[in-house]
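> This is a predicted model, with the sequence first.
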Amino acid sequence: MKFGTVAIVGRSNVGKSTLLNRLLNEKIAIVSDKPQTTRTRILGVVHAEGAQIALLDTPGLHKPQHLLNRRMVRTAVETLEEADLLFVLMDATSLPGPGDLLVLDHVKAALKKQPRPVILVLNKVDLVNKMKLLPVIETYARMCAWTEVVPVSAQTGDNVQRLVAVTVSYLPEGEGAYDDETVTDQTMRTLAAEMIREKLLRQTREEIPYSLAVEIDEFVEEGTLARISASVLVERESHKAIVIGKHGERLKTVGTEARIEMERLFGIKVFLQLWVKVREAWREDEHVLIELGY
Ligand SMILES: Nc1nc2c(ncn2[C@@H]2O[C@H](COP(=O)(O)OP(=O)(O)OP(=O)(O)O)[C@@H](O)[C@H]2O)c(=O)[nH]1
Ligand SMILES: [Mg+2]
């Protein structure tokens, strides 16, 4: 038996959470086209033939500007330093930019402290034709002493099984740390809050996605029904109006979409109530961050 932890790191939007979900065949981490979607470390356990892989999805590495972001980057760096193996995700649709160089600096620093297998995962190959992919692979290949380079599409699943096989080959020998049923460390409460936040991210733009948070006030299971009450935190009155929308339409859409997804994942009926609260500068407030699990 083989067992090990694998940190999934990279800049925002490269598809780390999409890859986690793909490898688990389950939607555990929320995904969006807005940067800095993932704010915490998320465990996903892959039960493979003769191996168990503890995947750790992390927030995108970036230059932090708020306390929230400093904690996000710290989480990613700590995970990078602790894991047995690293997946460094890069976007195959473009040549390396400043954000990718920042990621490489973090990766090299972690490898210097503790050498480990490091796999370059070039994601989103579904968007690139083969002719354009080769120079991108060659450029990245020269930038670090990668153990392996694996191009994939987390979205379509292309080459993802090869990534699993390559990963297993580099895992340490050992018994799995999780029982057969364990897929994630995310509680239903956290999953519910995250699903609401994902729907909010889809419905908002500019600075609003960065300054939104969702807190579960009540989560009561009554047989086959869950009664959930949640607060959406925003930083300004003007943002509150936008989140609610004209005649409450936007919040209603968010609530409906989140409820449908929760019912599917939890397999029970959900009664969901949403409130919007203004909490000025919550991203700088340590107490609020701890309350939110950040
Ligand atoms: N076409 C294509 N799109 C992808 C692929 N993987 C991810 N995406 C899209 O890229 C966007 C970002 O995906 P995420 O999985 O949220 O990215 P992330 O790296 O987790 O981002 P952060 O959590 O912000 O650090 C989403 O719109 C995804 O649908 C892929 O293989 N192909
Ligand atoms: Mg993510």
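Now that the structure is in, tell me what you want to look at. Ligands and ions are numbered 1, 2, ... in the order given.
> okay, CA-based contacts and neighbour counts for the rest of this
Will do.
> Double-check L102 against H62; I have them as touching.
Yes: look at L102 against H62 with Cα atoms under 8 Å: they come within range, at 7.4 Å.
> Of these two, which one has the most company?
H62 (20 against 15; other Cα atoms under 10 Å).
> so that one touches R74, yeah?
No: with contact defined as Cα under 8 Å, H62 does not count as touching R74 (10.5 Å).
> Any figure for the gap between V103 and M262?
34 Å (Cα to Cα, to the nearest Å).
> what about L102, which helix or strand?
Under the assignment given by DSSP states H and E, the secondary-structure element containing L102 is helix 98-113.
> go on, A54?
strand 51-57.
> Hmm, Q186 is touching T40, no?
No: Q186 lies out of contact with T40 (Cα under 8 Å); the separation is 10.5 Å.
> L127: neighbour count?
12.
> That one contacts T93, correct?
Yes: proximity of L127 to T93 meets the contact threshold set by Cα under 8 Å, at 6.6 Å.
> got the buried residues for the helix or strand following the strand holding A54?
For strand 51-57, the following helix or strand on the C-terminal side (DSSP H and E) is helix 67-82. For helix 67-82, burial by neighbour count (16 or more other Cα atoms under 10 Å) applies to 67-69, 71-77, 79-81.
> by contact count, what packs against the helix or strand that helix 67-82 is followed by?
Downstream of helix 67-82, the first helix or strand assigned by DSSP H and E is strand 85-91. Using 3 or more Cα pairs under 8 Å, 6 or more residues apart in numbering; DSSP states H and E as the contact criterion, the secondary-structure elements in contact with strand 85-91 are strand 2-9, strand 118-123.
> now the angle from strand 85-91 to strand 118-123?
Regarding strand 85-91 and strand 118-123, their directions subtend 30 degrees when assessed with axes from the mean of the first three to the mean of the last three Cα atoms, to 10 degrees.
> what angle separates strand 85-91 from helix 98-113?
Orientation of strand 85-91 against helix 98-113 (the same axes, to 10 degrees) gives an angle of 170 degrees.
> and for the longest helix seen in the chain, what are the contacting residues?
Secondary structure assigned by DSSP state H gives helix 249-266 as the longest helix of the chain. Outside of helix 249-266, the residues that reach it under the criterion Cα atoms under 8 Å, 6 or more residues apart in numbering are 188, 192, 195-196, 199-200, 203, 242-245, 269-274.
> P135 and E222, how far apart?
Here the criterion is Cα to Cα. By it, P135 lies 57 Å from E222.
> Those two: which is more packed in?
More crowded of P135 and E222, by other Cα under 10 Å: P135, with 14 against 10.
> can I get the CA coordinates of the helix or strand hosting the more buried one in CSV?
Following DSSP H and E, one finds P135 within helix 130-141. Extracted as CSV, the C-alpha positions of helix 130-141 are listed here (Å, rounded to 0.1, in the frame of the first residue of the first chain):
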residue,chain,number,x,y,z
LYS,A,130,-0.9,20.8,-30.0
MET,A,131,1.4,23.2,-32.0
LYS,A,132,1.0,25.9,-29.4
LEU,A,133,1.3,23.6,-26.5
LEU,A,134,4.8,22.4,-27.2
PRO,A,135,6.6,25.7,-26.8
VAL,A,136,4.7,26.3,-23.6
ILE,A,137,5.8,22.9,-22.2
GLU,A,138,9.4,23.5,-23.2
THR,A,139,9.5,26.9,-21.6
TYR,A,140,8.0,25.7,-18.3
ALA,A,141,10.2,22.5,-18.4
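> buried stuff in that helix?
When burial is assessed from 16+ other Cα under 10 Å, helix 130-141 yields the following buried residues: L133, V136, I137, Y140.
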